[in-house]
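K.L.:
Quick check, what structure comes out for this input:
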Amino acid sequence: MTKLSQDTWVLIADGEKALFLQNHTDGDDPYLQVVRKEEQENPPAREQAANRPGRMSDGPSGHRSAFDDTDWHELEKERFAKDLSDILYKLAHKGRYDRIVLVAPPAVLGDLRDNLHKEVQSKVVGEIPKTLTNHPIDEIEKIVAGELAEA
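P.N.:
You can find the predicted model right below:
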């Protein structure tokens, strides 16, 4: 069972924004305070596409097939996860935290996990596959404490 001990950090992230929180009490009654915020401008894919999808000839039949357009929105989410992993590495390297809980939607959590440096991986004490970026901090405290108590 992972407890949210004093000074444990909690990263609350999705594909566009992230909150770095620090617990100032114990795991039974956590008190999280914002240490840092990150946000990325990531409009929907339809607003990022430059033009119509390209077309390709299917050979002598005269038919043409459309290429799938690049999902720029999804690419930006992956890039944001990579940027977050770089920030986590820099903060870990400076000794800012010893323990961290990662909270993000499953896809973002996977992208984040894939990009974490070994120094950061060794400090991860829990992962919660949920989207909590739009929750108030008092709700985040209850949800994270509850999830970690069940783990």
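K.L.:
Leu21: neighbour count?
P.N.:
24 (other Cβ atoms under 10 Å). Any C-beta I mention is one placed from the backbone N, CA and C, and that applies to glycine too.
K.L.:
next one: phi and psi at it?
P.N.:
phi -120, psi 150 (degrees, to the nearest 10).
K.L.:
residues contacting it?
P.N.:
Trp9, Val10, Leu11, Ile12, Leu32, Gln33, Val34, Val35, Ile137, Ile140 (Cβ atoms under 8 Å, 6 or more residues apart in numbering).
K.L.:
how about 10 Å then?
P.N.:
8-12, 30-36, 100-101, 103, 137, 140-141, 144 (Cβ atoms under 10 Å, 6 or more residues apart in numbering).
K.L.:
packing partners for the helix or strand that contains Arg36?
P.N.:
Here Arg36 sits within strand 32-39, counting by DSSP states H and E. Counting contacts by 3 or more Cβ pairs under 10 Å, 6 or more residues apart in numbering; DSSP states H and E, strand 32-39 is packed against strand 9-13, strand 17-23, helix 72-93, helix 137-150.
K.L.:
Serialize the ones you listed to CSV and add fields for mean pLDDT.
P.N.:
Output for the helices and strands packed on strand 32-39, formatted as CSV (pLDDT from 0 to 100):
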stretch, mean pLDDT
strand 9-13, 96
strand 17-23, 94
helix 72-93, 83
helix 137-150, 91
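K.L.:
of all these, which lies closest to Lys130?
P.N.:
Taking Cβ to Cβ, helix 137-150 is the member of those nearest to Lys130, at 7.1 Å.
K.L.:
now the closest one, how far from the centre of its chain.
P.N.:
How far helix 137-150 lies from its chain's middle: 17 Å, per Cα atoms, centre = their mean, to the nearest Å.
K.L.:
No more questions from me, cheers.
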